[in-house]
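Q: 3D, please:
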Amino acid sequence: MDGRDGMRAADSDRAAVADRLRVALEEGRLDLHEYDERLQRAYAARTYADLKVLLADLPPVTPAQRSGLAPATAPTVGLLGDQPGQTATRGATARWLAEVWFPYLRVIAIVVTIWAVASLLSQDLQHFWPAWVAGPWGAVLVIRTVTGLAGGEPRREAIKRQRRQERKQAKRAINPDTPQ
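A: So this is what the prediction gives:
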């Protein structure tokens, strides 16, 4: 322990540690219970050593200018022509396509399975009636996919999803007793 560790901490030192703990909570490095415990200990700390212990297992904060990582507030969805946001746009498009097409694919798999089992049990190849389900619904989905991609629907859905997630996180921060 060096000489500074034994020195008494000031209110500004306690506030700086409290700010660092808040950042660690927002980054997901601490859960709410651990944050609360450390915050109480920070405001009860008398020496620099008491404060140092609270931050010992947390990485130091790198200023945004020197950080190699993108800031957390950077937009996660870019426009189609943007190079940095192109990956995010592809991810948003893939997710939107999955949300549009997976229910269709599940239902078609179920009706084709029913048709196959019925054909096997009757020992005769029956009329392929699943086409009456797959055809019209598939045509509607093709039209929806083309118009959605042309109109930027995946990007809008990704922005809505991000806003919902931010509102949910804000609500959790305000009311920490809400189950996650």
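
Q: which parts of the worst-scoring helix or strand of the chain on mean pLDDT are buried?
A: Ranked by mean pLDDT, DSSP states H and E, the helix or strand of the chain with the weakest confidence is helix 153-174, at a mean of 84. Neighbour counts over helix 153-174 (16 or more other CB atoms under 10 Å) mark 153-155, 157-158 as buried. The way it works is simple: take the backbone N, C-alpha and C, and place the C-beta from them, glycine included.

Q: Which neighbouring elements make contact with that helix?
A: When contacts are defined as 3 or more CB pairs under 8 Å, 6 or more residues apart in numbering; DSSP states H and E, helix 153-174 sits against helix 86-122.

Q: just checking, next helix/strand downstream of the helix it packs on?
A: Using DSSP states H and E, the helix or strand that follows helix 86-122 in sequence is helix 131-150.

Q: report the angle between the axes of that following helix and helix 153-174?
A: 80 degrees (axes from the mean of the first three to the mean of the last three CA atoms, to 10 degrees).

Q: could you give the angle of helix 131-150 to helix 86-122?
A: Going by the same axes, to 10 degrees, helix 131-150 makes 180 degrees with helix 86-122.

Q: Give the other helices and strands that helix 131-150 contacts.
A: Using 3+ CB pairs under 8 Å, 6+ apart: helix 131-150 touches helix 86-122.

Q: Same question for the helix it packs on: list its buried residues.
A: For helix 86-122, the neighbour count (16+ other CB under 10 Å) marks 88-89, 92-93, 96, 100, 108, 111-112, 115 as buried.

Q: what does the average pLDDT come to for it?
A: Across helix 86-122, the average pLDDT comes to 87.

Q: what's the distance between that helix and the middle of its chain?
A: 24 Å (CA atoms, centre = their mean, to the nearest Å).

Q: domain assignment for this structure?
A: 3-55, 86-174 (automatic domain parsing).

Q: Quick one: distance of the longest one to the chain centre.
A: This points to domain 86-174. Centroid separation for domain 86-174 versus its chain: 21 Å, with CA atoms, centre = their mean.

Q: One more: the shortest one?
A: For domain 3-55, the gap between its own C-alpha mean and the chain's C-alpha mean amounts to 28 Å (CA atoms, centre = their mean).

Q: how long is it end to end?
A: Distance between the two ends of domain 3-55: 19 Å, counting by CA to CA, to the nearest Å.

Q: before we move on, the earlier item: distance to residue 13 for the buried residues of helix 153-174 - can I get that in TSV?
A: Shown next, in TSV, are the buried residues of helix 153-174 (distance: CB to CB, whole Å):
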residue	distance to residue 13
153	51
154	48
155	45
157	46
158	42
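
Q: Nearest to residue 12 among those?
A: Proximity of these to residue 12 (CB to CB) peaks at residue 158, which lies at 41.4 Å.

Q: The closest one contacts residue 90, doesn't it?
A: No. The pair residue 158 and residue 90 fails to qualify as a contact (CB atoms under 8 Å) at a distance of 11.0 Å.
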